[in-house]
Structures are given as C-alpha cells and as structure tokens.
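> Let me see the structure of the following:
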Amino acid sequence: MLENPRSPRVRAVAKLTKRSAREETGLFLLEGPQAAREVLAHRPDTVVEMFATPTALERHPELKDAAREVGIEVVFTTEAVLDVMADTVTPQGIVAVARQTPTSVRDIFAASPRLVAICEEVRDPGNLGTIIRAADAAGADAVILTGRTVDPYNPKVVRATTGSLFHLPIAVGVDLAAAVERAHAAGVRVVAADVGGGDFLAARALLAEPTAWLFGNEARGLDDAALALADLSLRLPIYGSAESLNLATAASVCLYETAFAQRSNPVTVR
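The predicted model follows:
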C-alpha cells in the first residue's frame, strides 16, 4: 500500500493535473469509478497505473475484476495519498494514469466520416467535455480540436466526458484551415454554428449529407476568418426569452439534429 503522500511516485501522479507535466510525459490523469470503468472496457491498452483505496474498491469490486482481466494491478493507497493524487476536492477513491492517444486529422477523414465536431477556441473544460460526450451520444465519427482549444486531457474535461473520451477518435492541436481542407477533400460540408448564421430550419435537409459542425469560443463565437472557411453558417432559433444558449447545449442540438437527419435519410449524396 502507498502510504506516503510525499513519495516521488505519488507526486508524479499529482503533477498530471498540470498541462506542462501532461505534455512532457504524454500521460494524463483520470479519476472516479466511471472513468476507470470506461477506460478498462474500451482502452485498457492505454492504462499505465491504477490506484484505489480499499474502501473504494469494496464499493466497486467489478473494477478489480475488470482490471485483473486485462492484466492491470490495482495499487492500494491511503485516503491521504489519494487526496494528493486527485484533482477533485472530494475524490471518489479511484485514480488512474493513462497514455494520451490522439488521432490524426488525416486518419479521421480517411475513414469517410458522416458527422464530425470541430472545436475552435473552446476554452471552458466543462463545455468541451460535454461536447465530446454529446458527439459520442449522437454517433459522431470524431471530434477535432484546434490548437486554441482547451487540452482534452485536462482533468475537468476528462470528468465532463464521463468516459466518452475513450469511445471515439479525437484529434488535438489541429490547424483549423487544414481541418477544413481535409473535410472538403473527403466530401464533408463544414457548417458553422453562429448567431449571425442562416435559418437552421430552412437548411435542415442539408444535414443529411456528411457534415462537420464548427463550434467557436463561448464568449466571442467564431471570428471572421473561421467563418470564411465554413461552407455555410446556421443559427439555432430562440423561441423563448433566453438571451442565448450555452455552447455545449447548442452543440448538442446541432449534433443530434444532424444525427436525426442522417438516420432518416440513409442514402447520402456526396
């Protein structure tokens, strides 16, 4: 059992809450039973270490069995050690270290995707995590993050994805113009979500075709250069008195509307 909160091993795990340490090591931190369950089920090859308090493992014995099945030893720690490792104020007693596994934009579009989410300068970790989760739920083929978007391996983003981080390809640090060029070469229309865009309802039929949604910054949206790269811009209508929609909420609607359109129109015209 790990008992010393100041040991080098414990401190190395704790450092992964910092982006500099994640970039230097190529590793990231995930915590809680849900994240552990998902990474063991979908990407066990990426797990480097897994730690848990005896109490937490008693509450989630299935995790011990799942780890054993894929050849991962769960290391016991004290509550004090787990508190140092974890990013949350009240950790759930389970922490793991995994390797980052970003996908290239080339590979994403080589697979002929029908639905992709592109995030340009999304800065809030909760929003990004929710967009990744929504993309996964809507059956999107991939998520692409430009270089100005928050690190997807930030612990807050990882938690907000609730495991979806391990379910679909994610490209990181991408140049937006390069992503759009790849999309066009693959026959994918790039649609910007923008408050100054065209009528969403009038353009719904277009969403049945391969579509990459482009989402911008929470406060500023997409700048003129980014909007110029898109094939068209659409706005979600506001029927009530709300000033606007949260970015992640708007992205969820856009992704699901596209998923509905593509599933009701199985023959896709490129």
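> Below-threshold pLDDT in the stretch 1-150 of the chain: ranges please.
Applying pLDDT under 70 to the stretch 1-150 of the chain picks out no residues at all.
> all strands of the stretch 101-250 of the chain, in order?
For the stretch 101-250 of the chain, strands defined by DSSP state E, counting those that start in this stretch occupy the ranges 115-119, 142-146, 170-174, 189-199, 211-215, 232-235.
> Would you tell me which of those gets closest to residue 58?
Comparing the strands of the stretch 101-250 of the chain by their distance to residue 58 (CB to CB), the top pick is strand 170-174, with 33.5 Å. Bear in mind the C-beta positions are built from the backbone N, C-alpha and C, glycine included.
> Sheet partners, orientation included, of the closest one?
strand 142-146 (parallel) (DSSP bridges).
> Pull the residues that contact the partner strand.
Strand 142-146 is contacted from outside by 103, 105, 108, 111, 113, 116-122, 128, 131-132, 135, 152, 168-176, 179, 212, using CB atoms under 8 Å, 6 or more residues apart in numbering.
> Now residue 94: closest residue in space that isn't a chain neighbour?
Closest residue in space to residue 94, ignoring its immediate chain neighbours: residue 52 at 4.7 Å, by CB to CB, 6 or more residues apart in numbering.
> you'd agree that neighbour is up against residue 78?
No - judged on CB atoms under 8 Å, residue 52 makes no contact with residue 78 at a distance of 11.0 Å.
> Looking at the two, which is more packed in?
Neighbours were counted for residue 52 and for residue 78 using other CB atoms under 10 Å; residue 52 has more, 25 against 15.
> what are the bridge partners for that one, then?
Beta-bridge partners of residue 52, as defined by DSSP bridges: residue 76, residue 94.
> Pull the distance from stretch 99-106 to the chain's centre.
12 Å (CA atoms, centre = their mean, to the nearest Å).
> List the buried residues in that stretch.
Neighbour-count burial for stretch 99-106 flags 100-101, 103, 105 (criterion: 16 or more other CB atoms under 10 Å).
> what's the answer for stretch 246-260, then?
Here stretch 246-260 shows 247-248, 250-252, 254-255, 257-259 as buried, counting by 16+ other CB under 10 Å.
> Out of the buried residues of stretch 99-106, which comes closest to residue 240?
Closest to residue 240, out of all of those and judged by CB to CB, is residue 105, at 37.7 Å.
> sorry, back to before: out of the buried residues of stretch 99-106, list just those in helices.
Mapping the buried residues of stretch 99-106 onto helices (DSSP state H) picks out residue 105.
> can you list the buried residues of stretch 99-106 in a markdown table and add distance to residue 195?
Shown next, in a markdown table, are the buried residues of stretch 99-106 (distance: CB to CB, whole Å):
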| residue | distance to residue 195 |
| --- | --- |
| 100 | 34 |
| 101 | 35 |
| 103 | 30 |
| 105 | 27 |
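> For the buried residues of stretch 99-106, work out which two are farthest apart.
Pairwise over these, using CB to CB, the maximum falls at 100 and 105, 16.0 Å.
> what about stretch 119-132, start to end distance?
Using CA to CA, to the nearest Å, the end-to-end distance of stretch 119-132 comes to 10 Å.
> residues in contact with that stretch?
With CB under 8 Å, 6+ apart, stretch 119-132 has contacts from 117, 143-146, 148-150, 152, 154, 156-162, 164-165, 168, 170, 176, 214-218, 220, 222, 226, 246-248, 251-252.
> List buried residues within these.
Buried among the contacts of stretch 119-132 by 16+ other CB under 10 Å: 117, 143-146, 149-150, 152, 154, 156-162, 164-165, 168, 170, 176, 214-217, 222, 226, 247-248, 251-252.
> what about the helices in the stretch 101-250 of the chain?
105-110, 125-137, 155-161, 176-185, 224-229, 247-264 (DSSP state H, counting those that start in this stretch).
> Relative to the whole chain's centre, how far out is the first one?
For helix 105-110, the separation from the chain centroid amounts to 17 Å (computed by CA atoms, centre = their mean).
> cool, and the last one?
Averaging C-alpha coordinates over helix 247-264 and over its chain gives two centres that are 16 Å apart (CA atoms, centre = their mean).
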